[in-house]
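*Asks:* sequence plus predicted model, see below.
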Amino acid sequence: QVQLVESGGGLVQPGGSLRLSCAASGFAFTGYVMSWYRQAPGKERDMVATISNNGGNTNYVDSVKGRFAISRDNAKNTVYLQMNSLKPEDTAVYYCKATNSFKAAFSYWGQGTQVTVSS
């Protein structure tokens, strides 16, 4: 049974930090590119950051470059998103996604974790 379980969301003040985790099970983690997406109320779900199978390559949406860092621990089947200097516009539900490196049609989503940036 495939599972992606996000954790680490919550309420934080502007300028604060959060670290999201996504624990994967039920599939060959190292065979998948891992990504974080977010969806704000009334908006589409957009990609935030992506990391390659071995963690050697990362990609970020421009709005989070220099503030967010994606990483993965293949021994723990877990991907992380370190979020620093948070802004109110970062408020969204954050989702973890696993995409098969060879067949993009094989992908899995987590259930999401809420991040709220507010004073």
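*Replies:* Sure, I can see it.

*Asks:* please enumerate the strands of the protein.
*Replies:* Using DSSP state E, the strands assigned to the chain run over residues 3-7, 10-12, 18-25, 32-39, 45-51, 58-60, 68-73, 78-83, 92-100, 107-109, 113-117.

*Asks:* how far does the last one sit from the chain's center?
*Replies:* In terms of Cα atoms, centre = their mean, to the nearest Å, the gap separating the centre of strand 113-117 from the centre of its chain is 12 Å.

*Asks:* repeat for the fourth one
*Replies:* Here strand 32-39 shows a centroid-to-chain-centroid distance of 5 Å under the convention Cα atoms, centre = their mean.

*Asks:* so what strands line up beside it?
*Replies:* Partners of strand 32-39 in the sheet, by DSSP bridges, are strand 45-51 (antiparallel), strand 92-100 (antiparallel).

*Asks:* any buried residues in that strand, and which?
*Replies:* 32-38 (16 or more other Cβ atoms under 10 Å). In this view, the C-beta of every residue, glycine as well, is placed from N, C-alpha and C.

*Asks:* just the longest one next, same as before
*Replies:* Under the neighbour-count criterion of 16+ other Cβ under 10 Å, strand 92-100 has 92-99 buried.

*Asks:* quick one: which of those residues is nearest to Arg19?
*Replies:* Of all the buried residues of strand 92-100, Arg19 sits closest to Tyr94, with 11.4 Å by Cβ to Cβ.
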